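# A structural model of the following input is requested.
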Amino acid sequence: MPDLVQMTINGVAVRIPRGSTVAAAVLLAGSSALRRSVSGELRGPLCGMGVCFECRVAIDGRRHVRSCQLLCREGMEVTIGG
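Numbering: from 1, shown residues only. Prediction:
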């Protein structure tokens, strides 16, 4: 059994394998869209290495964090769709 961390994504508690990126956690939790563009289009992870900025979410109240660059940790609060 993998070591898991518990975090919340849009207020829903999820358990994710330790070492996963936040982008992977959001995808594992069932969402492929992380935010909306200025024109209202749904946006999701594209490059997976922090270059495109399409995977931005709010983490623990801090907005515009690149979710593909940050590993999940116990108690983290992620807000998508901002």
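# and residue 40, what does it touch?
Taking C-beta atoms under 8 Å, 6 or more residues apart in numbering, we find residue 40 in contact with no residue. For glycine as for every other residue, the C-beta is placed from the backbone atoms N, C-alpha and C.
# chain center to the lowest-mean-pLDDT helix or strand in the chain, what's the gap?
Scoring the helices and strands of the chain by mean pLDDT, DSSP states H and E places strand 35-36 at the bottom, with a mean of 84. Centroid displacement of strand 35-36 relative to its chain, using C-alpha atoms, centre = their mean, to the nearest Å, is 12 Å.
# surely residue 21 meets residue 69?
Yes. Residue 21 is within contact range of residue 69, at 7.2 Å (criterion: C-beta atoms under 8 Å).
# comparing the two, which shows the higher neighbour count?
Legend: neighbour count by other C-beta atoms under 10 Å for residue 21 and residue 69, higher for residue 21 (19 against 13).
# quick check: bridge partners of residue 6?
For residue 6, the beta-bridge partners under DSSP bridges are residue 15.
# show me what contacts residue 72?
Contacts of residue 72 (C-beta under 8 Å, 6+ apart): 5, 7, 16, 18-22, 25.
# kindly report the same for residue 76.
Residue 76 touches 5, 7-8, 22, 59-60, counting by C-beta under 8 Å, 6+ apart.
# how far does stretch 18-34 stretch from one end to the other?
Using C-alpha to C-alpha, to the nearest Å, the end-to-end distance of stretch 18-34 comes to 21 Å.
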